[in-house]
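In: Show me how the following folds:
(chains A and B)
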Protein chains: 2
Amino acid sequence: MSYFSPSIEKLIESFEKLPSIGHKTATRLAFHMLDLGEQETNDFISSIVNAKKSLKYCSTCYNISDTDPCPICASPKRDNSLICVVEDVKDIIAMEKTHEFKGVYHVLHGSISPMDGIGPDDIKIKELLNRINQNKISEIILATNPRVEGEATAMYLSKLIKPMGIKVTRIAHGIPVGGDLEYTDEVTLTKALEGRREI
Amino acid sequence: MSYFSPSIEKLIESFEKLPSIGHKTATRLAFHMLDLGEQETNDFISSIVNAKKSLKYCSTCYNISDTDPCPICASPKRDNSLICVVEDVKDIIAMEKTHEFKGVYHVLHGSISPMDGIGPDDIKIKELLNRINQNKISEIILATNPRVEGEATAMYLSKLIKPMGIKVTRIAHGIPVGGDLEYTDEVTLTKALEGRREI
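Out: Numbers count the residues shown, from 1 in each chain, chains lettered A, B, ... in the order given. The predicted structure follows:
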């Protein structure tokens, strides 16, 4: 049984559809929305509309951006011969936060996952190969997620790209900084052992 | 330093302004919004616009509703002589969930709080008194929150209404069902003792 008016009910449902928002939070957000003034409501709505309208994919790296090419691809300070391949736009943010990487990116927008019906043609692999063919590339860093799908995608890409005579690397897997050997799962520990380096 | 395009940045900020949404959740919600199709985005926006447009306050009880009077005030099954006074629209939902209360409501839209500059004239007390004057009322149940402001508001209202010859009651305070005496604060325990009833 519903205790709300149909329009509130609909507003709550709208918020409930968002990720990580349950019924209680959706109710709180809906009532907050109703409390907002007209200006604030318009600001909220126009931020959504504007973002949807002005954002596009960079035609080089498929990052999401207001401009094409995106600021990273357009920057003269970045090394265009070094491409870091990631699954998602959000992974670029994570990498950029390190302030360590001075190359450019390529966003696959997914990973190969036969279980979900996602094959090599469904993600931006063709575009990556075109990019490699048309530019002088010194190294491809595969930074897909260390999960089954990400590993499979990395393997697939390395088998495609290595024969082209280009250096292909994979980011290291191991125990996270601040982590604890005792609580590390055996797969990670195995990877950490495999990836050990002389000091 | 910002890693996002200005439009994403703005969208994230919009979500961050919502209650109980931090930066990480706001980022997730913003990217989810960007992933939505045009239809879904329009549905989301129109649910906000429609709710803001069609919702009004019931001119009798100040509940929020698509209709005026609200469904509760309009229902012939409800006892119009029994008014439960609450602070907020959401309190009505909480009361309705009990399925016990068959009277009507009056939403004050706040509580007297001199610290926040909220006096008796800033909440719907005048409207309540008018309602009492114009209708045959048998009982007023004060269901303001058991906090300092809610208690003060209840005291204020009871002093105003009792001289009009109307029965004024306050909802009981005590140990919540499933609660534990050991972990109950002394104020609640005092209230529970004061409110003890013969069995």
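In: ok now the helix or strand where A:N133 lies, how far from the chain's centre?
Out: Element membership for A:N133 (DSSP states H and E) is helix A:125-134. A distance of 19 Å separates the centroid of the chain from that of helix A:125-134, by Cα atoms, centre = their mean, to the nearest Å.
In: Can you mark which positions in that helix are buried?
Out: For helix A:125-134, a neighbour-count test (16 or more other Cβ atoms under 10 Å in any protein chain shown) marks A:125, A:127-128, A:131-132 as buried. Glycine gets a C-beta too; all of them are placed from N, C-alpha and C.
In: of those residues, list those near chain B.
Out: Among the buried residues of helix A:125-134, no residue lies close to chain B (Cβ under 8 Å from any Cβ of the partner chain).
In: Out of the residues you listed, which comes closest to chain B?
Out: Nearest to chain B, judged by Cβ to the nearest Cβ, of the buried residues of helix A:125-134 is A:E127 at 19.1 Å.
In: which residues does the closest one contact?
Out: A:62, A:106 (Cβ atoms under 8 Å, 6 or more residues apart in numbering or on different chains).
In: What confidence value was assigned to it?
Out: Looking at A:E127, its pLDDT is 95.
In: again, but for the one 4 residues further on
Out: What the model reports for A:R131 is a pLDDT of 94.
In: returning to that earlier point: tell me the first helix or strand C-terminal of the helix holding A:N133.
Out: Where DSSP H and E defines the elements, the next helix or strand beyond helix A:125-134 is strand A:139-142.
In: what's the neighbour count on A:G178?
Out: Neighbour count for A:G178, taken as other Cβ atoms under 10 Å in any protein chain shown: 5.
In: oh sorry, the question was meant for A:S14
Out: By the criterion of other Cβ under 10 Å, A:S14 has 23 neighbours.
In: which one is it nearest to, not counting chain neighbours?
Out: With Cβ to Cβ, 6 or more residues apart in numbering or on different chains as the criterion, A:S14 has its nearest non-adjacent residue at 4.0 Å, and that residue is B:S47.
In: Which of the residues in the helix or strand of chain A with the lowest mean pLDDT are classified as buried?
Out: Ranking every helix and strand in chain A by mean pLDDT, DSSP states H and E puts helix A:186-194 at the bottom, with a mean of 81. Using 16+ other Cβ under 10 Å as the test for burial, helix A:186-194 gives A:191-192.
In: Identify the residues contacting it?
Out: Helix A:186-194 is contacted by residues A:146, A:173-175, A:181, A:184 when judged by Cβ under 8 Å, 6+ apart.
In: again, but for stretch A:10-28
Out: A:4, A:29-30, A:33-34, B:19-20, B:25, B:28-29, B:32, B:40, B:43-44, B:47-48, B:50-51, B:90.
In: what about burial for those residues, which qualify?
Out: Neighbour-count burial (16+ other Cβ under 10 Å) applied to the contacts of stretch A:10-28 gives A:4, A:29-30, A:33-34, B:25, B:28-29, B:44, B:47-48, B:50-51, B:90.
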